[in-house]
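Trainee: coords please:
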Amino acid sequence: MTAEFVDVDVDLDEVNDPTPRTYYANVAEWVEQWLLPHWKRNPKQGKWDPRWWEYAEVIARLEALWQSWEFLRHEGMTGMTVFFRDYLGPEMREITAPDGPFWKLSDVQERELPQQWPAEAPPAGLFRSADDPAEQ
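Mentor: Numbers count the residues shown, from 1 in each chain. You can find the predicted model right below:
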């Protein structure tokens, strides 16, 4: 048997860079592009504000969820199972609970809502991107 060698291109800057690379630039991008398409519930059983970024508690919880997702996505499907079971479910139940951060919202859920909860873009500059020098 003969050994075969395969040329592999390796970006040494990336290998030597201790800064983890995130798939999404910031929590707002993750909420809009990943969370809301993946978390669809009966609006009569929970509350959601499209201006979620006005609530300090919600920002903190969603930041933690996003960072957990970014870490666990590298763990394959087992990582995603852990994410859904241990992080996403419990946190989203807290965030959307009737007595959660959005408790003062009026019951606008009586109208027919779209399949995905709405989200308004936060003001420009509210969230730093993961590659921002302040995040290093």
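
Trainee: pLDDT wise, what is the nearest residue to Gln116 once chain neighbours are set aside at?
Mentor: Nearest residue to Gln116, sequence neighbours excluded (CB to CB, 6 or more residues apart in numbering): Leu36, at 5.0 Å. The C-beta positions use only the backbone N, C-alpha and C, and glycine is treated the same way. Note for Leu36: predicted pLDDT of 95.

Trainee: Use 37 as the first number from now on
Mentor: I'll keep to 37 as the first residue from here, and by that count the last item is Leu72.

Trainee: And Ala72, how close does it get to Ala170?
Mentor: Actually, residue 72 is Leu rather than Ala. 27 Å (CB to CB, to the nearest Å).

Trainee: Please apply the same query to Phe138.
Mentor: Distance from Phe138 to Ala170, by CB to CB: 29 Å.

Trainee: Would you mind telling me which of these two has the busier surroundings?
Mentor: Regarding Phe138 and Ala170, a neighbour count based on other CB atoms under 10 Å identifies Phe138 as having more, with 19 against 6.
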